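> what follows is a predicted structure for the sequence shown.
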Amino acid sequence: MAGKSVQLYVQAAVKAALTSQVTSGGATVPVVDNPYDGQTAPYIVCNNIVETWDDDFNTPQRWLTVTVDVYTTDYKTAGTVTNKDIRRQIINTLAGGSLTITGCTFRGCLLIDNGVEFIELDGETVHGQCRFRIHVDTLT
């Protein structure tokens, strides 16, 4: 892991944790890397990943904070209730949960923002966002 970013490892761990755990209408909500035009909603995207070194010590162990945004997209049904339920499931899965991250020791995952939904101009597509702070240790 020396000199390598943990962003992709954290993204993979978040995707793995959410895959098959979030449902809507009895179906699993897919976690996709890059939604394409015409991607069927609902779906989840994990991106906007930023890592910050939390120490300045010259030791083999490094502490990092990684911020991850998890976006949801769904169609408007009963207002934004379905999108809120999807985000609730994401929060219940990640916040306070445990992640297996390659090359890292997982320390914790905190919900730091559960933003409001917004509806696109089409009046049917609803988006939401949750932001998490994930603490890890890495070995160089």
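Right, received. Where do you want to start? Numbers count the residues shown, from 1 in each chain.
> how confident was the prediction at residue 82?
According to the prediction, residue 82 has pLDDT 86.
> now do residue 59
On pLDDT, residue 59 comes in at 58.
> ditto for residue 24
On the pLDDT scale, residue 24 gets 90.
> ok, it touching residue 81?
No. Counting by Cβ atoms under 8 Å, residue 24 sits too far from residue 81 to count as a contact (10.6 Å). Using the backbone N, CA and C atoms, a C-beta is placed for each residue, glycine as well.
> of these two, which one has the most company?
residue 24 (19 against 13; other Cβ atoms under 10 Å).
> and for the nearest residue in space to that one that is not next to it in sequence, the neighbour number?
Nearest residue to residue 24 in three dimensions, chain neighbours excluded: residue 42, at 5.0 Å (Cβ to Cβ, 6 or more residues apart in numbering). Other residues within reach of residue 42, judged by other Cβ under 10 Å, total 23.
> could you number the chain from 33 rather than 1 from now on?
All set: I'll call the first residue 33, so the last point we hit is now residue 74.
> residues contacting residue 74?
Contacts for residue 74 (Cβ atoms under 8 Å, 6 or more residues apart in numbering) come out as 56, 61, 104-107, 114-115, 118.
> and which of those residues is nearest residue 152?
residue 105 (9.2 Å; Cβ to Cβ).
> SS state for the closest one?
Following DSSP: H, G, I helix; E, B strand; the rest coil, residue 105 is assigned to strand.
> for it, which non-adjacent residue is spatially closest?
Excluding the flanking residues, the one nearest residue 105 by Cβ to Cβ, 6+ apart is residue 73, at 4.8 Å.
> buried sites along stretch 136-149?
136, 138, 141, 143, 146, 149 (16 or more other Cβ atoms under 10 Å).
> please flag which of those sit within helices.
Among the buried residues of stretch 136-149, none falls in helices (DSSP state H).
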